[in-house]
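# Need a 3D model of the sequence below.
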Amino acid sequence: MKMNKKNESNSSCSITAKNSCCATSEGTTSTKDLKSHWDKAYTNSPEEKLGWFETDLNPMLQLIDKTKLSKEAKIINIGAGSTVLIDELLNQGYNRLIASDISKVALKNLENRVGNKNVEFIVDDLLNSEKLNNINPVDLWIDRAVLHFFTEDKDQDIYFNLLKNKVKPEGFVILAEFNLQGAKKCSGLDVFQYDAKMLQNKLGDGYKLIEVFDYTYTMPSGDEREYVYTLFKKLKN
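Below you'll find the predicted structure:
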């Protein structure tokens, strides 16, 4: 399945190369300073003008609908930033949401917009988790464009170990990352590209692939970014 959608938001980020995504004018940022990098991005530009600020939620909502989860399901949005997905889930009646991000600026922007009723905001580093390790398991783990920033095997292992520990048996995982035809950089940072088989291998035999499709995301500049959207279900213990 191939989906082609236009993002309606504007972007203040300049595209400096065909295989870059929203590269900053300051160039590549060390992964050791990701918190500062993302705080600065959300401080320097209005959230609706950031290149990754999505208004077309159809690909993600399509997968969430497939889970058939109740409105009381516990859902975590990893790397939420100031996404309008949280707004939409609240509008649909979901009432146990967690928005997590490494950037306190992004989450504060989100909290200021949606309030703190039915949403918990967690500022944490996925690779050095101080808070997410302590949350109760969730029914749905959502990641749009976070995993692909972890380019080293050891960092990917940390990420997937956390995910596996925090998703309930028979819970769901949505991973939406740059696919094998996707960008090689985003926001000045290197990225790691995936297909469904690679994601399945990372998750292991305890997860079943429910849905997969490629999605062409068109930036305001007109450049296209190729994603793979996947929905997995965790099997019973």
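# just the helices in the chain please.
Secondary structure of the chain (DSSP state H): helices at 34-44, 58-67, 85-91, 104-114, 153-166, 196-203.
# now those in a markdown table, with mean pLDDT, distance to residue 127 and mean neighbour count?
For every residue, glycine as well, the C-beta is placed using N, CA and C. Converted to a markdown table, the helices of the chain look like this (pLDDT from 0 to 100; distance: least, Cβ to Cβ, whole Å; neighbours: other Cβ atoms under 10 Å):
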| stretch | mean pLDDT | distance to residue 127 | mean neighbour count |
| --- | --- | --- | --- |
| helix 34-44 | 61 | 9 | 18 |
| helix 58-67 | 97 | 24 | 17 |
| helix 85-91 | 96 | 23 | 18 |
| helix 104-114 | 92 | 17 | 18 |
| helix 153-166 | 97 | 5 | 15 |
| helix 196-203 | 98 | 15 | 16 |
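# can you put these in TSV and add distance to residue 78?
Shown next, in TSV, are the helices of the chain (distance: least, Cβ to Cβ, whole Å):
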stretch	distance to residue 78
helix 34-44	13
helix 58-67	13
helix 85-91	11
helix 104-114	12
helix 153-166	8
helix 196-203	14
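# which residues of this protein fall in strands?
2-6, 75-78, 97-101, 119-123, 138-144, 167-178, 185-186, 189-190, 207-218, 224-234 (DSSP state E).
# Between the helices of the chain, which one is closest to residue 126.
Closest to residue 126 of the helices of the chain is helix 153-166 (Cβ to Cβ; 5.8 Å).
# Give me the contacts around that closest one.
76, 126-127, 129, 132-133, 135, 137-138, 141, 147, 150, 173, 192, 202-204, 206 (Cβ atoms under 8 Å, 6 or more residues apart in numbering).
# out of the strands of the chain, nearest to residue 68?
Residue 68 sits nearest to strand 167-178 of all these, at 9.5 Å, using Cβ to Cβ.
# that older thread, of the helices of the chain, which is nearest residue 215?
Residue 215 sits nearest to helix 58-67 of all those, at 5.0 Å, using Cβ to Cβ.
# Tell me what angle the closest one forms with strand 207-218.
Interaxial angle, helix 58-67 versus strand 207-218 (axes from the mean of the first three to the mean of the last three Cα atoms, to 10 degrees): 160 degrees.
# follow-up on the earlier one: could the strands of the chain go into TSV alongside mean neighbour count?
Shown next, in TSV, are the strands of the chain (neighbours: other Cβ atoms under 10 Å):
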stretch	mean neighbour count
strand 2-6	12
strand 75-78	25
strand 97-101	24
strand 119-123	18
strand 138-144	22
strand 167-178	21
strand 185-186	20
strand 189-190	17
strand 207-218	17
strand 224-234	21
